[in-house]
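Novice: I'd like to go over a predicted model; first the sequence, then the structure.
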Amino acid sequence: MLRDEQWARIAPLLRGKAGDRGFTSADNRLFVEAVLWIARTGSPWRDLLVEFGNWNSIYVRSARWSDKNVWQSIFAILREDADVEEVSIDSTVIRAHQHAAGAAKKRGASAWPFSGRVLH
């Protein structure tokens with residue numbers, strides 16, 4: 001979750017705040033926390049906690065912000081706080097290419113490189 005000092009730095013960059021043209025957002029901080037929760041957990045949008053609001057509305061708004069480079073501005077500021085003493089890469093989200101599953105299986109002598117040869 002965002003610390004108060006982080007929120008204070010990014011709040012002026014956000015769309016939908018009081019004084020902006022168009023729709024005024026009810027709670028920008030809750031929205032940003034929801035998107036960060038999705039990014040942190042790797043959960044699908046439909047699994048977003050109900051405390052954050054309607055997952056589809058948050059997804060659509062997040063996509064709009066992405067198109068308008070709002071997230072780029074936010075993460076440029078938050079990057080200043082990056083603590084890279086501990087970095088973890090989770091490989092559970094790595095998937096094989098679609099063509100990797102359909103290759104013809106080798107059978108017989110060509111299946112194992114040493115078959116048919118005597119090793120001494």
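Specialist: The structure has been received and is ready for your questions. Residues are numbered from 1 along each chain as shown.

Novice: where does the protein have low pLDDT?
Specialist: Within the chain, the stretches with pLDDT under 70 are 16-26, 82-120.

Novice: rerun at 50
Specialist: Low-confidence segments of the chain (pLDDT under 50): 22.

Novice: which residues in it form helices?
Specialist: If DSSP state H is used as the criterion, the helices of the chain fall at 4-10, 28-41, 55-67, 70-78.

Novice: Could you point out which of those helices sits nearest L49?
Specialist: Counting by C-beta to C-beta, L49 lies closest to helix 28-41 out of the helices of the chain; the figure is 7.0 Å. C-betas here are computed from N, CA, C, even on glycine.

Novice: Give the other helices and strands that that closest one contacts.
Specialist: Contacts of helix 28-41 with other secondary structure elements, assessed using 3 or more C-beta pairs under 8 Å, 6 or more residues apart in numbering; DSSP states H and E, are made with helix 4-10, helix 55-67.

Novice: Next, format the ones you listed as JSON lines and append mean neighbour count and distance to L30.
Specialist: JSON lines is the format used below for the helices and strands packed on helix 28-41 (neighbours: other C-beta atoms under 10 Å; distance: least, C-beta to C-beta, whole Å):
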{"stretch": "helix 4-10", "mean neighbour count": "13", "distance to L30": "11"}
{"stretch": "helix 55-67", "mean neighbour count": "15", "distance to L30": "9"}
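
Novice: wait, which of these is closest to L78?
Specialist: Ranked by C-beta to C-beta, the member of the helices and strands packed on helix 28-41 that lies closest to L78 is helix 4-10, at 6.2 Å.

Novice: who are the neighbours of the closest one, in terms of helices and strands?
Specialist: In this structure, helix 4-10 makes packing contacts with helix 28-41, helix 70-78, judged by 3+ C-beta pairs under 8 Å, 6+ apart.
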